[in-house]
Each structure stands twice: as C-alpha cells, then as structure tokens.
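>>> Model the structure of this input:
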Amino acid sequence: MMQSTPIPVWGDPSLVKLNVAITCGYLLYDLVLLASNWSTMGDGFFVCHHLAALYAYGYVLTRGVLPYFANFRLISELSTPFVNQRWFFEALKYPRSHRLVVINGVAMAVVFFLVRTAVMPSYWSSVFITFGTEEFERLGLAAQVAWITSCIALDILNTIWMYKIARGCYKVLTGRGGRKVKEGVEKEASSDGKHINNHKD
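From the prediction side, this is the model:
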C-alpha cells in the first residue's frame, strides 16, 4: 500500500487559485508586451520563464492540484519589484554608478538569492517527499511531467540569472567596468545595444 504525504499535492484553495490566476494574467500580458516590443525588451530566457510557469500553473487552475507547490513558487516574485525598478532606472538613463541604482541592485541581488536560489533545497526536498505516494500517482503522467519539467526549467533560469545579477553587482561594487558608465550613459546604452531585459546583469 502506498504511503501518503504530509505535503498537500491535491487541493483547491480559492486564495491560491486567485494568486495563480493573477500571476498568469501578468505573465500573459508581459508576453504580449515582449512580442510587441521585441527590439527593446525581447529576451528568449524571459519567454521561456513565462511559458514554463504558465504550463504548470494551468494545471493548478484547471485541475486543483499542487496548491502548496504553486504558492511556494509564487514566493519568488518577491524579487520582481526590484527587477522592475532596475528597468525603470535603465529607461530613465540613470548611470549604474548612481547611488539609487546601486542600492536597488544590491537589494535585488540579496532578495533574488533568498527567494529564488536559497529556497531550492527546501523546495526540492518537498517535491521528493511526494514521489511514490498515492497522491503523486493520482496526478497522472501529464501533470507529473508538467510539474517537474517546468520546475527544472525555472530553476535553471533562476540559477543563470542569479549568476548574472551577482556578477553585475560585484562589478558595480568593486568599480570594475565602471568607466563606460562615468563617460556617459548614452555610450553605455549603445554598447549594451538595447535596454537589457530585467533579469540580466
């Protein structure tokens, strides 16, 4: 007889579904913005992130499964305000050496690490606990694949972004590569080619 898991695999809590529905709306709208402004905002990694999240969240909304894990994943969005603020600073042509940009960048790196990288062991330990249980088997192959593959894809992207953010933060704090910034924002912007997507360094 299969064991049960203390981690809720099944469930249909209205608040979780509301949170996920709002997030899906944001992701869909962001995809539209990316598509319509690809020359300035386009980023393949960003599109992959959105599609992977929508793929998994679709099961949460339509089948009432994995509410605990969906809510766990939503914690990662606590880093989004700092990421979006970084884009605003770039759009306003603030130099990367500006005090506000540096403060936001450090805060973004710390929060990004805490809510997207540091939580990976805890998240995956909760996932592994469900393997072989009756609740996991009831999901069916399609939901299992959607859940596991999307989480792997999201964590790979988060690891890549964490590396880029940490590298960029280190360069700014140590003054490396800052000469272009001090010479003029326009020169830096042209060297970057575009307003880089939010998650890059």
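
>>> how close does Val115 get to Arg73?
10 Å (CB to CB, to the nearest Å). All C-beta spots, glycine's among them, are computed from the backbone N, C-alpha and C.

>>> Show me the shaky parts of this structure.
1-7, 176-201 (pLDDT under 70).

>>> Val115 and Arg73 - which one has more neighbours?
Using other CB atoms under 10 Å, the more surrounded residue of Val115 and Arg73 is Arg73, with 22 against 17.

>>> my read: that one touches Asn158, true?
No - Arg73 is beyond contact range of Asn158, at 10.5 Å (criterion: CB atoms under 8 Å).

>>> what helices or strands is the strand or helix carrying Tyr55 leaning on?
In this structure, Tyr55 is located in helix 44-63 according to DSSP states H and E. Where contact means 3 or more CB pairs under 8 Å, 6 or more residues apart in numbering; DSSP states H and E, helix 44-63 is packed against helix 14-36, helix 67-74, helix 134-174.

>>> Distance to Ala56 added to these, as JSON lines?
Shown next, in JSON lines, are those (distance: least, CB to CB, whole Å):
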{"stretch": "helix 14-36", "distance to Ala56": "9"}
{"stretch": "helix 67-74", "distance to Ala56": "8"}
{"stretch": "helix 134-174", "distance to Ala56": "4"}
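
>>> Those helices: which one's closest to His49?
helix 134-174 (5.2 Å; CB to CB).

>>> What is the closest one packed up against?
In terms of contacts (3+ CB pairs under 8 Å, 6+ apart), helix 134-174 is packed against helix 44-63, helix 67-74, helix 99-112, helix 120-130.

>>> Just name the most buried of those helices.
helix 67-74 (a mean of 19; mean count of other CB atoms under 10 Å).

>>> And that helix, how far out from the chain middle?
13 Å (CA atoms, centre = their mean, to the nearest Å).

>>> Convert the C-alpha atoms of it to PDB, please.
Extracted in PDB, the C-alpha atoms of helix 67-74 (Å, rounded to 0.1, in the frame of the first residue of the first chain):
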ATOM      1  CA  PRO A  67      -1.600  24.300  -4.400                       C
ATOM      2  CA  TYR A  68       1.300  24.100  -1.900                       C
ATOM      3  CA  PHE A  69       3.900  24.000  -4.600                       C
ATOM      4  CA  ALA A  70       2.300  26.700  -6.700                       C
ATOM      5  CA  ASN A  71       2.200  29.000  -3.700                       C
ATOM      6  CA  PHE A  72       5.800  28.100  -2.900                       C
ATOM      7  CA  ARG A  73       6.800  29.100  -6.400                       C
ATOM      8  CA  LEU A  74       5.000  32.500  -6.100                       C
END
